[in-house]
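Participant: Predicted model and sequence below, questions to follow.
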Amino acid sequence: MPELVFFSGTMDCGKSTLALQIEHNRSARGLQGMIFTRDDRAGEGKLSSRLGLVTDAVEVEDGQDLYAYLVDHLSQGGRADYVIADEAQFLAEDQIDQLARVVDDLDIDVYAFGITTDFRSKLFPGSQRLVELADRVEVLQVEALCWCGARATHNARTVGGVMVVEGAQVVVGDVDQADTIGYEVLCRRHHRRRMTAATARAAALSPDVLPVPPA
Ligand SMILES: Nc1ncnc2c1ncn2[C@@H]1O[C@H](COP(=O)(O)OP(=O)(O)O)[C@@H](O)[C@H]1O
Ligand SMILES: Cc1cn([C@H]2C[C@H](O)[C@@H](COP(=O)(O)O)O2)c(=O)[nH]c1=O
């Protein structure tokens, strides 16, 4: 039975790597996938992982009908044995409905990959719809870690290492961008306290918390 599967997690937990592995294993067996992405850091029409792997993909546009795109592709003699949709948090709710229709009406497996929540710990509309519609939601096995060593469950947006809570929901970027706008994965406790690696380090070095020598 074909499925709509949502592989979800924080940034930097290996989602795109898994997408590329699924693609590799299936194409090694002669299957042909349709790969969608949107706003990958590597540029338009790319699905990339931080391990250095990259493949070409169809860049999804605003308002594009993904079901119609697949039907068009198939009716022109193209093949699509499975569908991969990376950065699925950036898709519109309608586009997730269209992916569910691909599963139900075209009998094609759809594997969607994306972060669940934004820097304010609010669901992205595309991720919300995936949670609502997916046959399965899979959390990735390799844990991304907070600076404290706990499992990272939240995405923080940082400017110069300091967590911010104002701004547009979508700002394409990466982890480990200390000087500019970047992201850092945190456990809930430190996300709530807005404590990033940089601010924790600064607090540890602050004279206020240095041991006071005996008088
Ligand atoms: N130099 C490295 N050596 C080994 N693993 C790495 C290295 N750099 C990144 N990774 C792995 O890649 C993961 C990020 O993979 P990626 O697919 O880009 O994540 P996502 O798509 O979830 O943001 C990291 O969690 C880490 O496990
Ligand atoms: C938290 C958050 C992230 N983004 C962007 C930043 C990246 O471009 C992608 C996530 O990519 P990854 O492969 O999972 O690392 O999403 C954003 O636009 N808004 C946010 O709140």
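Facilitator: Structure's in. What do you need? Ligands and ions are numbered 1, 2, ... in the order given.

Participant: in this protein, which spans are strands?
Facilitator: In the chain, strands defined by DSSP state E lie at 4-9, 33-37, 46-48, 54-56, 58-59, 82-85, 109-115, 136-139, 154-159, 162-164, 181-186, listed in chain order.

Participant: what would the ones you listed look like in JSON lines with mean pLDDT, mean neighbour count and distance to ligand 1?
Facilitator: No exception for glycine: its C-beta is placed from N, CA and C like everyone else's. Formatted as JSON lines, those follow (pLDDT from 0 to 100; neighbours: other Cβ atoms under 10 Å; distance: least, Cβ to the nearest ligand atom, whole Å):
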{"stretch": "strand 4-9", "mean pLDDT": "97", "mean neighbour count": "24", "distance to ligand 1": "6"}
{"stretch": "strand 33-37", "mean pLDDT": "98", "mean neighbour count": "23", "distance to ligand 1": "11"}
{"stretch": "strand 46-48", "mean pLDDT": "98", "mean neighbour count": "20", "distance to ligand 1": "7"}
{"stretch": "strand 54-56", "mean pLDDT": "97", "mean neighbour count": "15", "distance to ligand 1": "10"}
{"stretch": "strand 58-59", "mean pLDDT": "98", "mean neighbour count": "17", "distance to ligand 1": "17"}
{"stretch": "strand 82-85", "mean pLDDT": "98", "mean neighbour count": "25", "distance to ligand 1": "12"}
{"stretch": "strand 109-115", "mean pLDDT": "98", "mean neighbour count": "25", "distance to ligand 1": "7"}
{"stretch": "strand 136-139", "mean pLDDT": "97", "mean neighbour count": "13", "distance to ligand 1": "11"}
{"stretch": "strand 154-159", "mean pLDDT": "97", "mean neighbour count": "22", "distance to ligand 1": "10"}
{"stretch": "strand 162-164", "mean pLDDT": "97", "mean neighbour count": "16", "distance to ligand 1": "19"}
{"stretch": "strand 181-186", "mean pLDDT": "97", "mean neighbour count": "23", "distance to ligand 1": "9"}
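
Participant: Reformat the ones you listed as a markdown table; add distance to residue 127.
Facilitator: Below are the strands of the chain laid out as a markdown table (distance: least, Cβ to Cβ, whole Å):
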| stretch | distance to residue 127 |
| --- | --- |
| strand 4-9 | 7 |
| strand 33-37 | 15 |
| strand 46-48 | 18 |
| strand 54-56 | 22 |
| strand 58-59 | 19 |
| strand 82-85 | 12 |
| strand 109-115 | 6 |
| strand 136-139 | 10 |
| strand 154-159 | 12 |
| strand 162-164 | 21 |
| strand 181-186 | 16 |
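
Participant: Contact residues of the chain facing ligand 2?
Facilitator: Residues of the chain lying close to ligand 2 (Cβ under 6 Å from any ligand atom) are 11-12, 15-16, 41, 115, 118-119, 155, 157, 169-173, 183.

Participant: So which of these sit within helices?
Facilitator: 15, 16 (DSSP state H).

Participant: Once you drop chain neighbours, what's closest to residue 93?
Facilitator: Computed as Cβ to Cβ, 6 or more residues apart in numbering, the closest residue to residue 93 that is not its neighbour in sequence is residue 129, at 4.4 Å.

Participant: same check, this time on residue 171
Facilitator: residue 181 (6.1 Å).
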